[in-house]
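Visitor: Need a 3D model of the sequence below.
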Amino acid sequence: MKLAAHSMLWKNLCGWCLCGFLVLGLPFLCLAQELEPRRWSHLPTGANFAGAGYVYTEADISFDPIIRIENAKMEMHTWAAKYIRTFELFQKSARIDLLQGYQKGHWKGLVDGVPTAVRRSGLADSVLRFAINLYGAPPLKGEEFAAYRAKVDVETIVGTALVVQLPTGEYMDDKLINLGTNRYTFRPQLGVVHNRGKWSMELTGAVYIYTDNNDFFNGNKLENDPLYTSEIQLVYAFCPGLWAAAGAGYGYGGESTVNGEKKNDRRENLGWIFSFGYPITRQLGVKVAYLGIRSQKSIGQDSDNIGVAFSFFW
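Guide: Model prediction:
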């Protein structure tokens, strides 16, 4: 009987670990706005998670008419790897994430009425994230974690995080189109999750704070106002590891200033995401997702993203 109970606890532990990371998985590498379900999920401390994935992106880009670029389109291939380590900090469950992507993109359009195309390939900016749950989701390991998750049916979790995007991506200061941003971006986040049975509702608010790019296109200086985003996700877990989610988000702000001159290009984006996770084994799973973003302004980017990611834990 004791052996059977331990076996059930271990099965639940594996299921919850897999369920957690499959949806944490690999977010879309989208600088304007990020929609990611279950980033605040309760995970066991002392665990390691790793994953790799691919995202295909198509986008229509609308520039300020003064730039004289028309019918601009982008096609992007992104390959990314992610690592997560969970631990206990101040008697709270915490985690640190590292995400690195490699991208290959193709841009085309009319410049002064002449067809023009540009290709770029190389590393994208590295992304670090530190998160800690302030309320709920106690720091637990092994059988304690499995037993807690098995008995909790209604739960609220409150977490906070700081995401730092590092200027490590491919960048050329004599080009307008680059994979890297040549500056730091700090993203404080606050999240609330309410779990009730098989359903979960998640709310996330974030602020994108940009440092200056002093080597923007031939020695110019680029500044951006903060970008404010909000996001809601609804997740249904059919069983441990097998889930479906739908979410929507809104972003506002981020107006550019070049050499002290405002560019009147404030962002206003509406996004939505559908994702699905499936367990292959207790320690290996796959996630597929579609993300759409539409600009609500005349200047901006409309994109469609389809991605797949594999993940495992130990």
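
Visitor: What separation do you get for the spatially closest residue to W199 that is not a sequence neighbour and G197?
Guide: Once flanking residues are discounted, W199 sits nearest to Y236: 5.8 Å by Cβ to Cβ, 6 or more residues apart in numbering. No exception for glycine: its C-beta is placed from N, CA and C like everyone else's. Separation of Y236 from G197 (Cβ to Cβ, to the nearest Å): 10 Å.

Visitor: where's the residue nearest to W199, which helix or strand?
Guide: Applying DSSP states H and E as the criterion places Y236 in strand 227-239.

Visitor: Can you spell out which helices and strands pack onto that strand?
Guide: Counting contacts by 3 or more Cβ pairs under 8 Å, 6 or more residues apart in numbering; DSSP states H and E, strand 227-239 is packed against helix 2-24, strand 199-210, strand 242-253.

Visitor: same thing but 6 Å
Guide: Other helices and strands packing on strand 227-239, by 3 or more Cβ pairs under 6 Å, 6 or more residues apart in numbering; DSSP states H and E, are strand 199-210, strand 242-253.

Visitor: Tabulate those strands (a markdown table), appending distance to W272 and mean neighbour count.
Guide: Converted to a markdown table, the helices and strands packed on strand 227-239 look like this (distance: least, Cβ to Cβ, whole Å; neighbours: other Cβ atoms under 10 Å):
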| stretch | distance to W272 | mean neighbour count |
| --- | --- | --- |
| strand 199-210 | 14 | 18 |
| strand 242-253 | 5 | 18 |
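
Visitor: With mean pLDDT and distance to V158 added, can I get the ones you listed in CSV?
Guide: Shown next, in CSV, are the helices and strands packed on strand 227-239 (pLDDT from 0 to 100; distance: least, Cβ to Cβ, whole Å):
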stretch, mean pLDDT, distance to V158
strand 199-210, 96, 10
strand 242-253, 94, 18
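
Visitor: Now render these as TSV, adding distance to G277.
Guide: Formatted as TSV, those follow (distance: least, Cβ to Cβ, whole Å):
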stretch	distance to G277
strand 199-210	13
strand 242-253	5
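
Visitor: Quick one: closest of those strands to V308.
Guide: Nearest of the helices and strands packed on strand 227-239 to V308, taken as Cβ to Cβ: strand 242-253 at 15.1 Å.

Visitor: what's the following helix or strand after that closest one?
Guide: Downstream of strand 242-253 (by DSSP H and E), the next one is strand 256-258.

Visitor: what helices or strands is that next one leaning on?
Guide: By 3+ Cβ pairs under 6 Å, 6+ apart, strand 256-258 packs against strand 220-224.

Visitor: Contacts for the strand it packs on next, please.
Guide: When contacts are defined by Cβ atoms under 6 Å, 6 or more residues apart in numbering, strand 220-224 is touched by residues 210, 212-214, 216, 254, 256-259.

Visitor: Same question for stretch 238-253.
Guide: Residues from elsewhere that reach stretch 238-253, judged by Cβ under 6 Å, 6+ apart: 15-16, 18-19, 33, 35, 37, 225-237, 267-279, 285.

Visitor: pLDDT below threshold where in this protein?
Guide: Low-confidence segments of the chain, defined by pLDDT under 70: 1-33, 64-68.

Visitor: 80 - rerun?
Guide: For the chain, the stretches with pLDDT under 80 are 1-35, 63-69, 240, 298.

Visitor: Can you show me the helices along it?
Guide: 2-24, 142-151 (DSSP state H).

Visitor: Pull out the buried residues from the shortest one.
Guide: Taking 16 or more other Cβ atoms under 10 Å as the basis for neighbour counts, the residues of helix 142-151 that come out buried are 145-150.

Visitor: roughly how far out does it sit from the chain middle?
Guide: Computed by Cα atoms, centre = their mean, to the nearest Å, the chain-centroid distance of helix 142-151 equals 28 Å.

Visitor: tell me what that helix is packed against?
Guide: helix 2-24.

Visitor: thinking A206 is in contact with Q189, fair?
Guide: Yes - contact criterion Cβ atoms under 6 Å: A206 and Q189 qualify, at 4.5 Å.

Visitor: Please work out the angle formed by the directions of the strand holding Y236 and strand 242-253.
Guide: Using axes from the mean of the first three to the mean of the last three Cα atoms, to 10 degrees, the inter-axis angle of strand 227-239 relative to strand 242-253 is 170 degrees.
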